[in-house]
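Trainee: what's the 3D shape of this:
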Amino acid sequence: MLPLVMSEVVVHKLNAAGEETYRWTGRVLARTPNSITLEAFFNRYDRLDLGYAVLERGDRFIEHFYNDRWYNVFEIHAAGSDALRGWYCNLTRPARFADSEIVHEDLALDVWVGADGTTLVLDEEEFDALPLSEDERKAACSALTELLTLAGQRSGPFSSFTLRDGRRESGDGDE
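Mentor: Residues are numbered from 1 along each chain as shown. The predicted structure follows:
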């Protein structure tokens with residue numbers, strides 16, 4: 001494992017065509033040869049109602065990027081209380097890392113994992129419409145299966161859930 005680096009990096013979110021759609025800054029919490037974990041704060045809108053979750057300005061995101069996996073995972077905590085809202089997962093091409101940048105190419109398909117462990121697959125029609133190669137489509141679908149399995153096992157980035165009665169439950173924490 002590489003040393004813990006508390007530096008800032010700029011994250012560039014690209015669409016499947018390689019065009020930048022958004023960028024933000026995060027603080028590096030951990031870095032390995034194949035992953036970077038950041039802390040960032042939601043500042044795009046004052047309040048964003050997604051239908052299955054509400055995001056508010058100041059929500060804390062713990063963001064996991066991988067250069068050897070076809071997804072990233074954002075653990076979202078409520079501004080003020082720091083209560084776990086859930087995890088937003090993007091199916092992406094493997095991220096590219098530089099000293100002060102992370103670039104990831106979003107493939108439209110997403111997964112929401114609620115704080116209680118419930119899952120919701122999002123934007124399947126958008127994903128189906130993308131002009132991806134057969135290998136890219138297979139890799140993304142395999143990554144979707146992996147994310148759903150990890151969430152169901154409460155492992156990896158999904159190792160801690162808030163139960164419906166408000167109690168916290170931890171999984172094995174393996175990744």
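
Trainee: hey, what's the most centrally placed residue in the chain bridged with?
Mentor: Nearest to the geometric centre of the chain sits V73, at 2.0 Å (CA atoms, centre = their mean). Here V73 shows beta-bridge partners H64, C89, assigned using DSSP bridges.

Trainee: isn't it right next to E146, touching?
Mentor: No - using CB atoms under 8 Å as the test, V73 is too far from E146 to be in contact (10.9 Å). Any C-beta I mention is one placed from the backbone N, CA and C, and that applies to glycine too.

Trainee: Neighbouring strands of the helix or strand V10 falls within in the sheet, and parallel or not?
Mentor: When elements are assigned from DSSP states H and E, V10 belongs to strand 8-14. With DSSP bridges as the test, strand 8-14 is paired with strand 20-31 (antiparallel), strand 101-114 (parallel).

Trainee: can these go into CSV with extra columns for distance to L91?
Mentor: Formatted as CSV, these follow (distance: least, CB to CB, whole Å):
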stretch, distance to L91
strand 20-31, 15
strand 101-114, 4
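
Trainee: Would you reformat the ones you listed as a markdown table and include distance to S7 and mean neighbour count?
Mentor: As requested, the strands paired with strand 8-14 are exported to a markdown table (distance: least, CB to CB, whole Å; neighbours: other CB atoms under 10 Å):
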| stretch | distance to S7 | mean neighbour count |
| --- | --- | --- |
| strand 20-31 | 5 | 15 |
| strand 101-114 | 11 | 21 |
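
Trainee: Please consider this matter closed, and thank you.
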